[in-house]
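S.K.: Sequence first, then the predicted structure:
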Amino acid sequence: MHGHRPLHLILLALMVFGCAGKRPDAPEIAGGKLPACPSSPNCVSSQSDDPDHFIEPITYRTSKAEARDRLKTVIESMDRAEILRETDEFLQVEFTTALMRFKDDGLFYFDENEPVIHMRSASRVGHSDLGKNRKRLEKIRKAFQDESSK
């Protein structure tokens, strides 16, 4: 049993310190472009040119303000999701995974020229997210569409 103690300490340290990562500063959306995804597979973006990182943006047929309110409602209804910052153009969201409490950063940008919400979600730490960021954004898209059909 004593042979497992170092492993327990490592896992405890990861849970306490390694899972949080550093919260990013205010997002930089330059010229309507979200930050690029890193080469690791733990990020998806609707503005990525790489098919492994690409995800379709959310489209809407209402005003931008109504779409923003609808997206906020969807995000606020989610467990372990917190809107950190919002403007007329974007929402910055922190997602926390259920099991290990990993922090993921979401960014939703309302395009100025068309009725599209570009989105990006990336893990703060680690290499692979086992598809979690993609699944989360697809869940948000579905809930957004369901909310709009009410």
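M.R.: Received the coordinates, thanks.
S.K.: For the protein, which segments are assigned as strands?
M.R.: Here the chain has its strands, by DSSP state E, at 43-45, 58-59, 81-86, 90-96, 103-110, 116-123.
S.K.: List the strands paired with the second one, with their directions.
M.R.: Partner strands and pairing direction for strand 58-59 (DSSP bridges) are strand 116-123 (antiparallel).
S.K.: Could you check the angle the partner strand makes with strand 103-110?
M.R.: 170 degrees (axes from the mean of the first three to the mean of the last three C-alpha atoms, to 10 degrees).
S.K.: Quick check: F144 touching D69?
M.R.: No: if you go by C-beta atoms under 8 Å, F144 and D69 don't touch, sitting 11.1 Å apart. Every C-beta, even on glycine, is put in place using the N, C-alpha and C of the backbone.
S.K.: Compare these two (neighbour count), which wins?
M.R.: The residue with more neighbours, out of F144 and D69, is F144; 20 against 13, by other C-beta atoms under 10 Å.
S.K.: Could I get the pLDDT score of that one?
M.R.: As predicted, F144 sits at a pLDDT of 96.
S.K.: Which of the helices and strands in this protein ranks last by mean pLDDT?
M.R.: helix 5-13 (a mean of 46; mean pLDDT, DSSP states H and E).
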